[in-house]
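Participant: need a 3D model of the following:
(2 chains, ligands or ions: 2)
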Amino acid sequence: MRTVFKTSYDTDIDLHEHWFRRGRYLALLVFMMSLPFWADEYFLAEATNTLIWSLAGMGLMVLVGHTGQPSLGHAAFLSIGAYTDVALMNAGVPFLVSFPIAGIFAGVVGAIVAIPAVRMSGIYLAIATLALFVIVEEIVILLEPITGGVGGLFAPAIEIFGIPFERYAYLGNFYWLVLAVVVIICWGYANLMRSPTGRSFLAVRDSEVSARALGINVTRTRALAFGLSAGVTGLAGALMGHFIGFFNYELFSIFISINLLLVVTIGGLGFIQGAFLGAVLITAVPQVIAILRDGLNATAGIDLGAIPGLDTIIFSLLLIVFIIYEPQGLYGRWLKIRTWFEIFPLARRDMFRRQKSYLKTERSK
Amino acid sequence: MSLLEVDDIAVHFGGVKAVDGVSFRVEEGEVYAIIGPNGAGKSTIFNLISRIYELTRGRIMFDGHDVTKLGAHQVAPLGIARTFQNIELFDHSTVLANLLMGRHLHRRTNFIQDALFLPKVRAEERAHRQRVEEVIAFLELEAYRGKMIAGLPYGVRKVVEIGRALAMGSKLILLDEPASGLSVEESQEVAYWIEDMRRDMGLTVLMVEHDMSLVSQVSDRVLAVANGRMLAEGTPAEVQAHPEVKAAYLGTEVAA
Ligand SMILES: Nc1ncnc2c1ncn2[C@@H]1O[C@H](COP(=O)(O)OP(=O)(O)OP(=O)(O)O)[C@@H](O)[C@H]1O
Ligand SMILES: [Mg+2]
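Facilitator: Numbers count the residues shown, from 1 in each chain, chains lettered A, B, ... in the order given. Ligands and ions are numbered 1, 2, ... in the order given. Model (predicted):
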C-alpha cells in the first residue's frame, strides 16, 4: 500500500502526484525511444501506426471523452490534415511549417463547423458530423489538381534541417518524429486537463445548466473543444498520409471514423491513457486475426479470409462487451486492478459497484 | 438602489402561468426568503434570474445591470451564484475539481497558456486552490476533497453545491431549498452557514425554502408566492400570520 502525503497544493497541480508514477511514464518513454535500435522493420511500422492512431484517438477523446460530444465525421479532419500538409509540401513549403499549418487549418475548419453544430446534441450532432464527412470527401474528389482526385497522390518525403524522415528508407527517424509529436500533444493535453480550460470541458459535459451558472460560455467551450479535437486529428491525418505514402480519399473512409470512436470508447472515455490503450487494441486486432487466419488455414484448413469484415465484427462485439461490462473501458479496468493491488488486502467485493444515483430525468432543466 | 430589483416578472409555459407578476427587492446584506407550496413558481423565479428561462414580461436589475439582456453565462460574472433544487454537480469529477470549477469566472489564462502550463497558470491554480480551501474549511468538507461526486451521500452533495457557489466569490447567492432532504442537525448547520455568509462573507442571500423554522431563524424578509402570484411580503412572523398564506398552505404538508 502506498500513501501519498500531500504537503503543498503543487502536489495536486503537478501532472503526477508521486515520483514513482512520473518515473514509470519516463521509463515507458525511454523504452519507446529505444524501439528503432532493436525492433525489426515490421514491428516498428506497426508501432508507428499505433502511435498515429493514438494521436487521432487523443484528438477524438477531447471531444467525446472530455466534452461529451459525439462525432462520426473525424475522418474528415484526418483527410483535411493529410491533404493540406501534402499540398503545402508540394508547393515547396517545408514539413516543419506545413505540418503545424495542416493541424491549425483542420482545427479552424473544425471550430467554424462547430459553431452551428454545437448547438445540437447527441444524435443530431453525430448526423451533422457525418454530413461534414460526406462534404469533405466530395471536395477532396473535386479538387483534383491539389488532391489527385480519385487517383490519389504521393506524400512527399519529409526532411527537417537536412535530416531525412522518409517513411521507408528512414523508418526509425519517422518513428521518432511521430513519437515526438505524440509526446508533445499528450503533454499539452494533460496540461489542459489540469487547468481551467479542461475543467470547463468537463463542466459542459456533465451539466450544461450549471456550467452556464458558473459563467462558462457553453457554445464557445464546445467550439473550442471541437477545434482542438479537429486540429489534433488533422495532425494525425498528416502523419497518416506520410505513413501510407500513396493515398486517395478512400484512406479516410467512414470506417476510420467508426474505428476512432471504438478507440476512445474501448480505451476508456475521459482518460487520455484510454486513447493509447484503444489504439493498441485497434491496431493489434487485425494482426491477431491475420495470425489466427494463417494458423487455422494451415492446421485445420479453415479459411477465415473468406469471411469479409471480420475485423469490424470483432470490434463491434468488443464494443458491445465493453459498453455492457466495463463502460469505463480498458483504462477504467486497469485503474480498478491497480487500486486492488495498492490497497491489498483491504479490497471489498462491492467496492466498485456503480453507485445508485438519482435519475437524470429527475433533475431540473 | 437595491442590489436585486425584480419588477413585475412573468413567464408562461403554454397555458401554465408559472410566474405571473412577481416583484420584490433584495437589499445588500439581507437574507431574503421565498416560500410557497409545491409548484408555486419559486424555482422558476430563480431560473428567470439565471436566464435559464426567457421572461414573458418584466425586468430584473442587479447591481445596476439589466439582467434580462444577458445570456445565461453572463449572469455569474455580475456577481450572482446559485445552487439547484435537484443538485447539478459535475458527477464524474472530484469535490475539489467541482469547487475549482466555481472559480471559472476568475480565470485569467487562455487555452494556449493552459496547454503550455505557463508559470502564470500555476500561480493562478495556487490562488484558486487557496480560495477553494477556505470554502472547504468553512463547510468542513476536508474529508471529501478527493472523492468523486457520484459516490457521495445526498447531504454531502448538497453542501458541495453550496461550496461551489461560495467559491465563485459573488455578491448574491441564490439557494434553492438548501435544507430539503437534510436531517434536523444538518439543517441547523445550514442555518449557521447562512448567518456566517451574511456576517463574515458580506454576502446577500436569496433563498427558497420549505422549512419554516430555518426561514424564521435566518431571514430578514419573506415573500410568499402561490400559483405564480405574490401573496404577502414582510418579516417571517408577519408572513406566517397572513391569512392568505395560511389558506395557501392548508392541506399541504408544510404547516406554517
Ligand atoms: N420548463 C417548464 N415547462 C413547463 N412548465 C414548467 C416548467 N418549469 C416549471 N413549470 C411549471 O411551473 C410551475 C412552477 O414550478 P416551480 O418549479 O417553479 O415550482 P416550485 O415553487 O419551485 O415548487 P417546489 O416547491 O416543488 O420546488 C409548476 O406548475 C411547473 O410544472
Ligand atoms: Mg422548486
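Participant: walk me through the domains of chain B.
Facilitator: With domains defined by automatic domain parsing, chain B comprises B:1-79+B:172-256, B:94-169.
Participant: any part of the shortest one near chain A?
Facilitator: When you say that, I think you mean domain B:94-169. Yes: remark: domain B:94-169 sits within contact range of chain A at B:96-97, B:100-105, B:107, B:109-111, B:114-117, B:121-122, B:124-126, B:129-130, B:133, B:150-151, B:164, B:168, by Cβ under 8 Å from any Cβ of the partner chain. Where you see a C-beta, it was placed from the backbone N, CA and C, and this is true even at glycine.
Participant: returning to that earlier point: okay if I get the domains of chain B as CSV plus mean pLDDT and mean neighbour count?
Facilitator: Conversion of the domains of chain B to CSV gives the following (pLDDT from 0 to 100; neighbours: other Cβ atoms under 10 Å in any protein chain shown):
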stretch, mean pLDDT, mean neighbour count
domain B:1-79+B:172-256, 90, 18
domain B:94-169, 93, 19
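Participant: out of those, the one nearest A:I254 is which?
Facilitator: Among these, domain B:94-169 comes nearest to A:I254, with 29.9 Å by Cβ to Cβ.
Participant: before we move on, the earlier item: got CSV for the domains of chain B, with distance to ligand 2 too?
Facilitator: Compiled in CSV, the domains of chain B are given as follows (distance: least, Cβ to the ion, whole Å):
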stretch, distance to ligand 2
domain B:1-79+B:172-256, 3
domain B:94-169, 14
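Participant: tell me which of those domains sits nearest to A:S34.
Facilitator: domain B:94-169 (27.4 Å).
Participant: straight-line length of the closest one, end to end?
Facilitator: This stretch, domain B:94-169, spans 20 Å end to end (Cα to Cα, to the nearest Å).
Participant: hey, C-alpha coordinates of stretch A:323-336 in CSV?
Facilitator: Written as CSV, here are the backbone C-alpha positions of stretch A:323-336 (Å, rounded to 0.1, in the frame of the first residue of the first chain):
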residue,chain,number,x,y,z
ILE,A,323,-20.4,-1.0,-23.0
ILE,A,324,-22.2,-3.6,-21.0
TYR,A,325,-19.5,-4.8,-18.7
GLU,A,326,-16.9,-2.0,-18.5
PRO,A,327,-18.2,1.4,-19.6
GLN,A,328,-15.0,2.9,-18.4
GLY,A,329,-13.0,1.0,-21.0
LEU,A,330,-9.6,-0.7,-20.7
TYR,A,331,-8.2,2.2,-18.7
GLY,A,332,-11.1,2.0,-16.2
ARG,A,333,-10.5,-1.7,-15.8
TRP,A,334,-6.8,-1.1,-15.2
LEU,A,335,-7.5,1.6,-12.6
LYS,A,336,-9.6,-0.9,-10.7
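Participant: got the contact list for that stretch?
Facilitator: With contacts defined as Cβ atoms under 8 Å, 6 or more residues apart in numbering or on different chains, stretch A:323-336 is touched by A:265-271, A:273-274, A:277-278, A:281, A:322, A:352.
Participant: of the residues you listed - the most surrounded one?
Facilitator: A:G278 (31 neighbours; other Cβ atoms under 10 Å in any protein chain shown).
Participant: now do that residue against A:I127, distance only.
Facilitator: To A:I127, A:G278 is 24 Å away according to Cβ to Cβ, to the nearest Å.
Participant: what residue is smack in the middle of the chain?
Facilitator: I went with chain A, as the question did not name one. Central residue of chain A (Cα atoms, centre = their mean): A:G57, 0.6 Å from the mean position.
Participant: the intended chain is chain B.
Facilitator: B:L174 (2.0 Å).
Participant: got phi/psi on the closest residue in space to it that isn't next to it in sequence?
Facilitator: Using Cβ to Cβ, 6 or more residues apart in numbering or on different chains and skipping residues adjacent in sequence, the residue nearest B:L174 is B:R82, 3.9 Å away. With angles defined as degrees, to the nearest 10, B:R82 sits at phi -150, psi 160.
Participant: and the strands in the stretch 251-365 of chain A?
Facilitator: Assigned by DSSP state E, counting those that start in this stretch, the stretch 251-365 of chain A shows no strands.
Participant: surely B:R107 meets A:G198?
Facilitator: No: the criterion here is Cβ atoms under 8 Å, and B:R107 misses it with A:G198 at 11.4 Å.
Participant: quick check: neighbours shared by those two?
Facilitator: Both B:R107 and A:G198 lack any common contact, where contact means Cβ under 8 Å, 6+ apart.
Participant: re the thing from before, ok, now which ones touch the residue nearest to the centre of chain A?
Facilitator: Applying Cβ under 8 Å, 6+ apart, we find A:G57 in contact with A:L260, A:V263, A:V264, A:G267, A:G274, A:A275, A:F276, A:G278, A:A279.
Participant: and these, which is closest to chain B?
Facilitator: For these, the closest approach to chain B (Cβ to the nearest Cβ) belongs to A:G274, at 13.6 Å.
Participant: could I get the contacting residues of residue 25?
Facilitator: No chain was given, so I picked chain A. Contacts of A:Y25 (Cβ under 8 Å, 6+ apart): A:H16.
Participant: hmm, no, I was thinking of chain B.
Facilitator: Neighbours of B:R25 in contact, by Cβ under 8 Å, 6+ apart: B:S2, B:L4, B:E5, B:V6.
Participant: what's around the residue nearest to B:L174, how many residues?
Facilitator: Residues contacting B:R82 under the criterion other Cβ under 10 Å number 27.
Participant: what's the pLDDT at it?
Facilitator: B:R82 is assigned 95 on the pLDDT scale.
Participant: per-residue confidence averaged over stretch A:147-160?
Facilitator: Mean predicted confidence for stretch A:147-160 is 82.
Participant: in the stretch 1-150 of chain A, which residue sits nearest ligand 2?
Facilitator: Closest contact between the stretch 1-150 of chain A and ligand 2, by Cβ to the ion, is at A:S121 (25.0 Å).
Participant: typed the wrong thing, it's the stretch 151-300 of chain A
Facilitator: Ligand 2 sits closest to A:V209 of the stretch 151-300 of chain A, with a gap of 14.0 Å, by Cβ to the ion.
Participant: secondary structure class of that residue, three-state.
Facilitator: Following DSSP: H, G, I helix; E, B strand; the rest coil, we place A:V209 in the helix state.
Participant: what about the nearest residue to it once chain neighbours are set aside, distance to A:A203?
Facilitator: Closest residue in space to A:V209, ignoring its immediate chain neighbours: B:E88 at 5.5 Å, by Cβ to Cβ, 6+ apart. Separation of B:E88 from A:A203 (Cβ to Cβ): 10 Å.
Participant: who touches both of the two?
Facilitator: In contact with both B:E88 and A:A203: A:S210, using Cβ under 8 Å, 6+ apart.
Participant: can you list the buried residues in whatever helix or strand A:P100 lives in?
Facilitator: Under the criterion of DSSP states H and E, A:P100 resides in helix A:95-117. Across helix A:95-117, burial judged by 16 or more other Cβ atoms under 10 Å in any protein chain shown covers A:95, A:98-99, A:101-107, A:109-111, A:113-114, A:117.
Participant: which ones are touching residue 72?
Facilitator: Here I'm looking at chain A. By Cβ under 8 Å, 6+ apart, the contact list for A:L72 reads A:A126, A:I127, A:T129, A:L130, A:F133, A:I254, A:S257, A:I258, A:L261.
Participant: you answered for a different chain; I wanted chain B.
Facilitator: A:R212, A:A213, B:S50, B:R51, B:I52.
Participant: the fourth one: which element?
Facilitator: Same thing as B:R51. Judged by DSSP H and E, B:R51 forms part of no helix or strand.
Participant: again, but for the first one
Facilitator: Per DSSP H and E: A:R212 is located in helix A:208-213.
Participant: roughly how far out does that helix sit from the chain middle?
Facilitator: 28 Å (Cα atoms, centre = their mean, to the nearest Å).
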